[in-house]
Each structure stands twice: as C-alpha cells, then as structure tokens.
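J.: got a predicted model here, sequence first, then my questions.
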Amino acid sequence: DSGVTQTPKHLITATGQRVTLRCSPRSGDLSVYWYQQSLDQGLQFLIQYYNGEERAKGNILERFSAQQFPDLHSELNLSSLELGDSALYFCASSTTATNEKLFFGSGTQLSVL
Amino acid sequence: GESVGLHLPTLSVQEGDNSIINCAYSNSASDYFIWYKQESGKGPQFIIDIRSNMDKRQGQRVTVLLNKTVKHLSLQIAATQPGDSAVYFCAERAAGNKLTFGGGTRVLVKP
C-alpha cells in the first residue's frame, strides 16, 4: 500500500458528462500529480500541485481541470467527456515539488460509453 | 509517449535467474532516474532511483546501472521470483523537473 488513496476505483459514464476523481496524498506529502494511462499512450503527465498551488502542467486538455485543497487532497475534474478519455487515471504524491520518489495510488478506471 | 499495452517488449525469465531490464533515455540533461513496477490492476510501485552523479545504486535484490555516455539505464533483479512478474517502467527527469516515462517492459517469470 503506497499510502495514496484514490476514489472511486471504477467510473462508468456517458459521453458529454462530467466526473470528479479524488486523491488523498500520503501523510506529509505536499505534492500531488495526476497521470493518465492508456494503452496507446503510456503514462502521460497531466498536472502537478504543490501545497495548494499549480506547479506544472503537462498534456492536460482544456476540458480537464484540477485543484488541491488546504487539506492537500486533490480533485481532477473531467468534463464534456469523449470516448477517447477512457483510461486509467493515477494520482501520485511526493514530499517535495521536484518530481522525486513519486508514490502512486491504485488509480481510477474511467470508462466513457 | 511510446506505445504500450499489447505491444510491450517482453522479457521471459526462468524463476531463480537474474533479470536485466533495459531503458534508453532521450535527454542528456536528465539528472534523475527512477524505476517503477506495475502489476496488473495496480498503480506503479516505486522500486529504486538514481541521480546522474552516480553510476550504480543497489537496493534489496535490485541494482540500477546508469551509463550517461550512451544514455542507458538498466534494472537488474537478482534471483527473479514469480512475484516479480509485472510491467517495469523507467522514467527520467529533465527540463522543467517533469518526469517522462518510457513505454515499459513486461517481465514474465516462468516457474
């Protein structure tokens, strides 16, 4: 167990809908990262927050947004969902902001039908 | 990113043998590297990391070797066990402190 908690584990929804994925980092970790994993694109970095502030952005679509709350948990919001958004979404956390020793949660499997 | 899933390179290893998983990285300015293990249905699990000022680092049953001259990273697993069957990813940290993951290698341990 990495100590990173993601909910829900599975999510099935329809095109055009909006969903929220939730992540609780390991105790003491200030950085939260979101990654998308699909069969044809591997692990793709979406966005990073550090102590409540956006730190870095990767290949995140404009339809997607995230935030980190004062208690350091994070949410990833996906809207106007398309079939191609079906993927595993992982949250990871680390102590520092510098992308070292990321610990991953078990992921949310999103299926858009 | 590179292609993964059905097109993953696969390493078949006999139980008890040593495994060597290779990774070519792209950026000569990368200063930090990390290996992850991902079992089916689970998130990536941290194995070992190494900074660019080192050539070798050892953990429990694992060794990471870094060859900056040819931009090559390898993970050696000693006495491979059935529980080592998984997909292994390397990642490099380069410009902007972002981690870039490789496509992964599937390791199958034969009893």
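T.: Nice, I can see it. Residues are numbered from 1 along each chain as shown, chains lettered A, B, ... in the order given.
J.: tell me the bridge partners for the closest residue to B:Tyr32 other than its chain neighbours.
T.: Spatially, and ignoring its direct neighbours in sequence, B:Tyr32 is nearest to B:Arg93 (4.1 Å; Cβ to Cβ, 6 or more residues apart in numbering or on different chains). (Glycine included, C-beta is placed from N, CA and C.) For B:Arg93, the beta-bridge partners are B:Tyr32, B:Leu99 (DSSP bridges).
J.: same question for B:Lys110.
T.: With DSSP bridges as the rule, B:Lys110 is bridged to B:Gln14.
J.: I'd say it and B:Gln14 touch.
T.: Yes - between B:Lys110 and B:Gln14 there is a contact at 5.3 Å, judged by Cβ atoms under 8 Å.
J.: pull up the overlap in contacts between these two.
T.: Common neighbours of B:Lys110 and B:Gln14, counting by Cβ atoms under 8 Å, 6 or more residues apart in numbering or on different chains, are absent.
J.: just give me the neighbour total for A:Ser27.
T.: Other residues lying near A:Ser27 total 8 when counted by other Cβ atoms under 10 Å in any protein chain shown.
J.: so it versus chain B, what's the distance?
T.: When distance is defined by Cβ to the nearest Cβ, to the nearest Å, A:Ser27 is 16 Å away from chain B.
J.: so where do the helices sit in chain A?
T.: Under the criterion DSSP state H, helices are not mapped anywhere in chain A.
J.: tell me where the model's unsure across it.
T.: Along chain A, no part satisfies pLDDT under 70.
J.: what does it put close to chain B?
T.: A:2, A:4, A:39-45, A:56, A:58, A:90, A:92, A:97-107 (Cβ under 8 Å from any Cβ of the partner chain).
J.: need the contact list for the residue nearest to B:Tyr32.
T.: Applying Cβ under 8 Å, 6+ apart, one finds that B:Arg93 lies in contact with A:98-100, B:30-34, B:99-100.
J.: quick one, what contacts A:Gly3?
T.: With contacts taken as Cβ under 8 Å, 6+ apart, A:Gly3 has the following neighbours: A:25-27, A:93, A:103.
J.: and the two most separated of these?
T.: Looking at the contacts of A:Gly3 by Cβ to Cβ, the two members farthest from one another are A:Ser27 and A:Phe103, with 11.1 Å of separation.
J.: list the buried residues of stretch B:14-27.
T.: Residues of stretch B:14-27 classed as buried by neighbour count (16 or more other Cβ atoms under 10 Å in any protein chain shown): B:19, B:21, B:23, B:25.
J.: now swap in stretch A:18-35 and tell me
T.: By neighbour count on 16+ other Cβ under 10 Å, the buried set for stretch A:18-35 is A:19, A:21, A:23-26, A:29-35.
J.: how about the strands in chain B?
T.: Using DSSP state E, the strands of chain B run over residues B:10-14, B:19-24, B:32-38, B:45-51, B:56-58, B:62-67, B:72-77, B:86-93, B:99-101, B:105-110.
J.: let me see the contact set for the closest residue to B:Arg51 other than its chain neighbours.
T.: Distance criterion Cβ to Cβ, 6+ apart; nearest residue to B:Arg51, sequence neighbours excluded, is B:Tyr32 at 5.5 Å. With contact taken as Cβ under 8 Å, 6+ apart, B:Tyr32 is in contact with A:99-100, B:49-52, B:92-93.
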